[in-house]
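Chemist: this one's sequence-less:
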């Protein structure tokens, strides 16, 4: 069976995987199948980008926790009087901020998947996994 390059039209040997003239990959089988593979690759690209953005969405959490901790941690004036705050309060406020931030990030992810990709929200799956 004769194979021809889909890009430049050069006749190819059956065992060749790339065209020697233009370097294009040789598609074997149904061309419609190859187009669907390209479409899946494009969709995977968007999903990978969405995952990167989702991870980056968690970076400001470090600053939020640090700010909450510094406001609520024990502090005294120069003379050691007029002390306020406690480590326990700083811990609980930081934990509360973490929980609120994670819920908001998950809601943003669910909204993106629903609006951009048309996926049905999977509420239980999203809120039972750790990250």
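Modeler: Arrived safely. Just so we're clear, the structure is a prediction, and the values are computed from it rather than from any experiment. Residues are numbered from 1 along each chain as shown.

Chemist: Would you map the strands across the protein?
Modeler: If DSSP state E is used as the criterion, the strands of the chain fall at 3-4, 11-12.

Chemist: lowest-confidence stretch among these?
Modeler: If those are sorted by mean pLDDT, strand 3-4 sits at the bottom with a mean of 72.

Chemist: could you point out where this protein is predicted with low confidence?
Modeler: Across the chain, the ranges flagged by pLDDT under 70 are 1-3, 27-43, 80-81, 130-131.

Chemist: What residue in it is the furthest from its centre?
Modeler: Distance from the C-alpha centroid of the chain, by C-alpha atoms, centre = their mean, peaks at residue 79 (49.1 Å).

Chemist: pull the longest helix from this protein.
Modeler: Longest helix of the chain, by residue count under DSSP state H: helix 87-117.

Chemist: All the helices of the chain, in order from the start?
Modeler: 31-56, 60-72, 87-117, 123-128.

Chemist: ok, residue 24 to residue 5 distance?
Modeler: 6 Å (C-beta to C-beta, to the nearest Å). Every C-beta, even on glycine, is put in place using the N, C-alpha and C of the backbone.
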